[in-house]
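Q: Attaching a predicted model along with its sequence, questions to come.
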Amino acid sequence: MYKLILVDDEQDVRNRIITSIQKIDCGFEVIASYDNGLDAIDGIMQMNPDLVITDIRMPFMTGMELLKKTKDNLPLIKSIIITGFDEFDYAKQAIDLGVSGFLTKPITTADLEEVLHKAKEELDEEYQRNTNLENMENFIKESLPLIKENNLQRLITLANPDKKFLKKLEYNGIFLNYKYFMLSVVDMDLDLENTNLEKYEMNFLSVKKFIAEGLQNYFYHETFTSNDEIITIIKANDEISTTQIEHCFDYVLMKTKKFLEFTISVGISNQYKNKNFKEMYREAQSALELRSVMGGNEIYFASNIDSDYKKVRMIDDDDLKELSYAIKYRTLDETKAILLSLKEKIAKPEYILYNPFNLSNILNSIVKSCDNLDTFYGESKTSFYEKLFEMKTLDDTFSWFEAIITKIKTINQDTIEDSIQRNLNKIITYIDSHYTDNDLSLEVLADKVNISISYISAILKKEQNTTFVKYLTFLRMEKAKELLKNPNIKIVDVAEAVGYSEPYYFSHSFKKYQGVSPKEYRTNEGEGK
């Protein structure tokens, strides 16, 4: 059942339409009705119906103005216009607002059923189009190459892909249930600045095809591109022969040089029994760096790099970024787990030589995650970096890191809460001092305080359990009650003083808020004295 909101200033018309909808099997339920656009707009924003039926001519806000505001904020809502016969030409402008149909007064049940049936067909078609399993499967099938490419690009940033991601890879046809892995990086020996880009793209695809041809009879593999490199993950259940890998890529080098008339270079990682593709990628890139010394059109293995060189290990930027991100956005337990993994890494013998630099970089990453460094440093007399090098053991250092992270998370949370409170104060202060402006709206407020509409709404809901319209109405009505106690102030002047350019709408709003009209309130207050 679709949700419908009805807006018409004539009660008889509203009652007839609601009664007709209840009688006919049209697939719609009237969840609210209003007699003017200003009241309706707040209800529409809160209830988010599927369809709005509105009259064109109404007090305070026309149907066209109502639909424009609705479409600006809730573009998926369908709408139907109610018009008088002489207004039909004017109503045609509503087509630009995506109106689903028109109802001409006097409205018959047959006309209403017809236009609602059309609106339901549009909603059904839209729903089917966006949820139809066959359409989604076709879309996924068409998008699969791009999805696989993106997932493989992500894979080489992971030291230990989790089960959920591995399952996602399998769903996309990427299987990693093998015992051994190697990774290659292929780069063209070209100066891109002096290369025809169209020809470069064609050559790039050709090299990718040559790699597939070279490996297809020997190894399972996944080949994809990233940052103008061609990356191949080689998979096997038996130990991978370096000689065989070299033979396969020699074929690629020779074919590229002969048919494309340029050369490529290849960097190949060591063989791994685990799925640390991040490290394999780093090794292959390191091997490829030998090109700058040895020249292009060659295959370079990570195993050829001097073992003493490989012993110098630095924590890479991705690990540090992950730690910083966790401090800002993840739980304390998740952050501690990442910190522990860094501790286990730099405790390995190959990292020890450079650990003063690694520890300093970890501390930098931790400190940069703080949103308020003045509070963090406070009145501390000791430099954090001096204290770092006073630590005696790795356990002491990481216990200290953990304490700093805990402190920073508290500071960051307090900073966020302070920011929310400051923004709330800005919002409330502006409304309090401008509620008499008859053109004050959520859009105007957002522009004046430089805070987005959605964030204003979220803050008011979270911190004040209200909405902009409710709070503005509260201020205006409470001030109006004060002014109405003075019999020397005309009701029309009271309306203007609290931000209503239309006195009739003020009376309508006041009665809705207080339960009595302004005149009745004034009389009752006078009698109570």
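A: The structure has been received and is ready for your questions.
Q: what stretches of the stretch 1-150 of the chain score poorly on pLDDT?
A: 85-97, 131-137, 139-140 (pLDDT under 70).
Q: typed the wrong thing, it's the stretch 401-529 of the chain
A: Using pLDDT under 70, the stretch 401-529 of the chain drops low at 526-529.
Q: so where do the helices sit in it?
A: Using DSSP state H, counting those that start in this stretch, the helices of the stretch 401-529 of the chain run over 442-449, 453-464, 468-484, 491-497, 503-514, 518-528.
Q: Name the residues of the last one that are buried.
A: So that's helix 518-528. Neighbour-count burial for helix 518-528 flags P518, Y521, R522 (criterion: 16 or more other Cβ atoms under 10 Å). C-beta here means a position set from N, CA and C on the backbone, and glycine is covered the same way.
Q: who wins for proximity to I156 among the helices of the stretch 401-529 of the chain?
A: Nearest to I156 among those is helix 453-464; the distance by Cβ to Cβ comes to 36.0 Å.
Q: neighbouring contacts of that closest one?
A: Helix 453-464 is contacted from outside by 420-421, 423-424, 427-428, 442-443, 445-446, 449, 451, 466-468, 471, using Cβ atoms under 8 Å, 6 or more residues apart in numbering.
Q: how many degrees apart are that helix and helix 442-449 in direction?
A: Orientation check (axes from the mean of the first three to the mean of the last three Cα atoms, to 10 degrees): helix 453-464 against helix 442-449 gives 90 degrees.
Q: Residue ranges of each domain in this protein, please.
A: Following automatic domain parsing, the chain resolves into domains at 2-131, 143-310, 317-415, 435-528.
Q: Can you name the residues in contact with the host helix or strand of E283?
A: Using DSSP states H and E, E283 maps to helix 277-288. With Cβ under 8 Å, 6+ apart as the contact definition, helix 277-288 has outside contacts at 155-159, 161, 181-185, 187, 231, 233, 265-270, 272, 300-302, 304-305, 316, 318.
Q: In helices only, show me those.
A: Secondary structure assignment by DSSP state H places L155, D318 of those in helices.
Q: Please check the contacts of helix 277-288 and keep the buried ones.
A: Buried subset of those (neighbour count, 16+ other Cβ under 10 Å): 155-156, 158-159, 161, 181-185, 187, 231, 233, 265-270, 272, 300-302, 305.
Q: which residues in the stretch 301-450 of the chain form strands?
A: Counting by DSSP state E, counting those that start in this stretch, the stretch 301-450 of the chain has no strands at all.
Q: any idea how far D318 is from S324?
A: Between S324 and D318 the distance is 11 Å, computed by Cβ to Cβ, to the nearest Å.
Q: Kindly report the same for T335.
A: 16 Å.
Q: can the helices of the stretch 401-529 of the chain go into CSV with extra columns for distance to L339?
A: Shown next, in CSV, are these (distance: least, Cβ to Cβ, whole Å):
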stretch, distance to L339
helix 442-449, 39
helix 453-464, 31
helix 468-484, 43
helix 491-497, 60
helix 503-514, 55
helix 518-528, 64
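Q: ok so, going back, quick one: which of the contacts of helix 453-464 is nearest Q46?
A: Taking the contacts of helix 453-464 together and measuring to Q46 by Cβ to Cβ, the closest member is T467, at 7.3 Å.
Q: Cross-check the contact I'm expecting between that closest one and D42.
A: Yes: using Cβ atoms under 8 Å, T467 is in contact with D42, at 7.1 Å.
Q: Identify the contacts common to those two.
A: With Cβ under 8 Å, 6+ apart, T467 and D42 have no common neighbours.
Q: buried ones in stretch 7-18?
A: Under the neighbour-count criterion of 16+ other Cβ under 10 Å, stretch 7-18 has V7, D8, D9, V13, R14, R16, I17 buried.
Q: how near is the residue nearest the centre of the chain to F468?
A: The centre of the chain sits closest to S454, judged by Cα atoms, centre = their mean, with a distance of 13.5 Å. S454 is 12 Å from F468, where distance means Cβ to Cβ.
Q: Check E443 too.
A: Look at E443 and F468: by Cβ to Cβ, they are 10 Å apart.
Q: Could you do M477 as well?
A: 15 Å.
Q: who has more neighbours, those two?
A: The neighbour comparison of M477 against F468 (other Cβ atoms under 10 Å) goes to F468, with 21 against 16.
Q: check contacts around the more buried one.
A: I431, L442, L445, I456, S457, L460.
Q: Now, of those residues, which are buried?
A: I431, L442, L445, I456, L460.
Q: So the first one is in contact with T473, correct?
A: No: contact between I431 and T473 fails when scored by Cβ under 8 Å: they sit 10.9 Å apart.
Q: shared neighbours of these two, anything?
A: Common neighbours of I431 and T473, using Cβ under 8 Å, 6+ apart, do not exist here.
Q: For stretch 232-239, give the mean pLDDT please.
A: Averaged across stretch 232-239, the pLDDT comes to 96.
Q: Same question for stretch 356-374.
A: Mean predicted confidence for stretch 356-374 is 91.
Q: buried set for that stretch?
A: Neighbour-count burial for stretch 356-374 [16+ other Cβ under 10 Å]: N358, L359, N361, I362, L363, S365, I366, V367, S369, C370, D371.
Q: how about those, which pair is most distant?
A: Maximum pairwise distance in the buried residues of stretch 356-374, criterion Cβ to Cβ, is 24.7 Å, between N358 and D371.
Q: Shouldn't I82 be within a helix?
A: No: per DSSP: H, G, I helix; E, B strand; the rest coil, I82 lies outside any helix segment and is strand.
Q: where along the stretch 101-250 of the chain do the strands fall?
A: Under DSSP E, counting those that start in this stretch, the stretch 101-250 of the chain gives strands at 101-104, 180-188, 220-226, 229-236.
Q: before we move on, back to that, in JSON lines: the buried residues of helix 518-528, plus distance to G499.
A: Shown next, in JSON lines, are those (distance: Cβ to Cβ, whole Å):
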{"residue": "P518", "distance to G499": "14"}
{"residue": "Y521", "distance to G499": "18"}
{"residue": "R522", "distance to G499": "19"}
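Q: which residue packs closest to R154, ignoring adjacent ones?
A: Ranked by Cβ to Cβ, 6 or more residues apart in numbering and with sequence neighbours excluded, the top spatial neighbour of R154 is F165, at 7.8 Å.
Q: OK, contacts around the closest residue in space to I80 that isn't next to it in sequence?
A: Spatial nearest neighbour of I80, excluding adjacent residues (Cβ to Cβ, 6+ apart): I53 at 4.5 Å. I53 sits next to L4, I5, L6, V7, D8, I17, S79, I80, I82, L103 when contact means Cβ under 8 Å, 6+ apart.
Q: now swap in S369 and tell me
A: By Cβ under 8 Å, 6+ apart, S369 lies in contact with L323, S324, I327, K328, I408, N412.
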